[in-house]
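A.B. asks: Mind looking at a prediction? Sequence and model below.
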Amino acid sequence: MSEHIGIGADLTFEQWVEHVFDHHDANWHWDIDAPYWNPEVDPQTTLSFLVRLFSSPSFLIEKFTPNQIGVGLNYIVSPSCSDYAFV
């Protein structure tokens, strides 16, 4: 897949965090209509988002439930869920 679906290419870090973590359904990313931001379209931006997130992740605790954080992290690191691990 070479494009973003339902999400603009000019996504900010804050919007990306919402996209990854702001879900109450643990299987949201399997939905055929789920929005998708392809990390391989702009790998430099993707890498900068990942570095920023993993360098200082404590803000997640203030915004999301433990379950949302777990689902979001799984989405990022599992190649079954997303392509972030390949960037």
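C.D. replies: Noted; the coordinates are in hand.

A.B. asks: For the rest of this, base every contact and every neighbour count on C-alpha atoms.
C.D. replies: Noted.

A.B. asks: count of residues packed around residue 39?
C.D. replies: Neighbourhood size, residue 39 [other CA atoms under 10 Å]: 21.

A.B. asks: Confirm that it sits in a strand.
C.D. replies: No: secondary structure of residue 39 (DSSP: H, G, I helix; E, B strand; the rest coil): coil, not part of a strand.

A.B. asks: Quickly note the distance from it to residue 63.
C.D. replies: With distances taken as CA to CA, to the nearest Å, residue 39 is found 23 Å from residue 63.

A.B. asks: Please apply the same query to residue 52.
C.D. replies: 16 Å.

A.B. asks: what's the answer for residue 73, then?
C.D. replies: 14 Å.

A.B. asks: Skip the chain neighbours and tell me the closest residue to the most centrally placed residue in the chain.
C.D. replies: Centrality entry for the chain: nearest residue to the mean C-alpha point is residue 20, 3.3 Å, by CA atoms, centre = their mean. Nearest residue to residue 20, sequence neighbours excluded (CA to CA, 6 or more residues apart in numbering): residue 72, at 5.3 Å.

A.B. asks: Show me what the strand or helix carrying that neighbour is packed against.
C.D. replies: Using DSSP states H and E, residue 72 sits within helix 66-77. Other elements packing on helix 66-77 under the criterion 3 or more CA pairs under 8 Å, 6 or more residues apart in numbering; DSSP states H and E are helix 13-21.

A.B. asks: Run the chain-centre distance for the helix it packs on.
C.D. replies: Remark: helix 13-21 is offset 6 Å from the chain centroid, using CA atoms, centre = their mean, to the nearest Å.

A.B. asks: ok, and what's touching it?
C.D. replies: 49, 64, 68-69, 71-73, 75-76 (CA atoms under 8 Å, 6 or more residues apart in numbering).
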